[in-house]
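> okay, here's the prediction I keep looking at, along with the sequence it came from:
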Amino acid sequence: GGEPAASAGTLLVMLGGDEEVVERVRPVFATYADPIVHLGGIGAGQVAKILNNLLFSANLGSAMSALELGEALGVPRQALCEVISRGSATSKALNSIAMFGGTLDNLAPIAGALLQKNCRHAASLADDASAPQGAVFDAADNALAIMNHPR
């Protein structure tokens, strides 16, 4: 969140270290952060930060692949950016996974077949346009496989 989040008191702080030390310094972090998450021993906060950025990078790669596919299918990049930034791809996916207990097990019966159908349609559109499917399909295929609804 950087400086704007720190100024607003909403910066996410990920801490690793001894619980007693973390609690002792928590009031200092509370002057600019909420939430303040203790993740375990020394280094756990850094691991969480790295994993968060790894996921952010993967989301960026998937978003770029979707934007490239959109362009190949005739959808202007800026318009698609506006739609995606206001739609479920803005990272509602992770929130849904969390809401369903950290797995796709409970989401699969609700959305698996619909997502499978939509992925098949998107693949057909890409194939019809001779457009590369790209990484967005790799990520989608992984989720579909986990939900036992392979494309």
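Good, I have the coordinates.
> quick one: the strands in this protein, in order.
Applying DSSP state E to the chain gives strands spanning 11-15, 33-38.
> show me what contacts L69?
A122, A126, A131, P132, Q133, G134, V136 (Cβ atoms under 8 Å, 6 or more residues apart in numbering). (Each C-beta comes from the backbone N, C-alpha and C, glycine too.)
> okay, now the residue nearest to the last one when sequence neighbours are not counted: neighbour count?
Residue nearest to V136 in three dimensions, not counting chain neighbours: S65, with 3.9 Å by Cβ to Cβ, 6 or more residues apart in numbering. By the other Cβ atoms under 10 Å criterion, the neighbourhood of S65 contains 19 residues.
> how about the contacts made by S65?
Counting by Cβ under 8 Å, 6+ apart, S65 has contacts G134, A135, V136, F137.
> for it, give its distance to H121.
Counting by Cβ to Cβ, to the nearest Å, the separation of S65 from H121 is 17 Å.
> so H38 touches E19, yeah?
Yes: contact criterion Cβ atoms under 8 Å: H38 and E19 qualify, at 6.7 Å.
> the two: who's more crowded?
H38 (18 against 11).
> distance of the more buried one from T31?
According to Cβ to Cβ, H38 stands 17 Å off from T31.
> sketch out the low-pLDDT regions of this protein for me.
Along the chain, segments meeting pLDDT under 70 span 50-64, 91-92, 94-98, 102-103.
> helices of the chain, start to end?
Per DSSP state H, the chain carries helices over the ranges 2-8, 19-29, 44-72, 77-85, 92-99, 108-128, 134-146.
> deepest of these, which one?
helix 134-146 (a mean of 17; mean count of other Cβ atoms under 10 Å).
> just the residues contacting it, thanks.
So helix 134-146 is contacted by 58, 61-62, 65-66, 68-69, 104, 108, 112, 115-116, 119, 122-123, 126, 150-151 (Cβ under 8 Å, 6+ apart).
> mind running it again at 7 Å?
For helix 134-146, contacts defined as Cβ atoms under 7 Å, 6 or more residues apart in numbering pick out 61-62, 65-66, 68-69, 104, 115-116, 119, 123, 150-151.
> same question for stretch 27-37.
A6, G9, T10, L11, L12, V13, M14, L15, R26.
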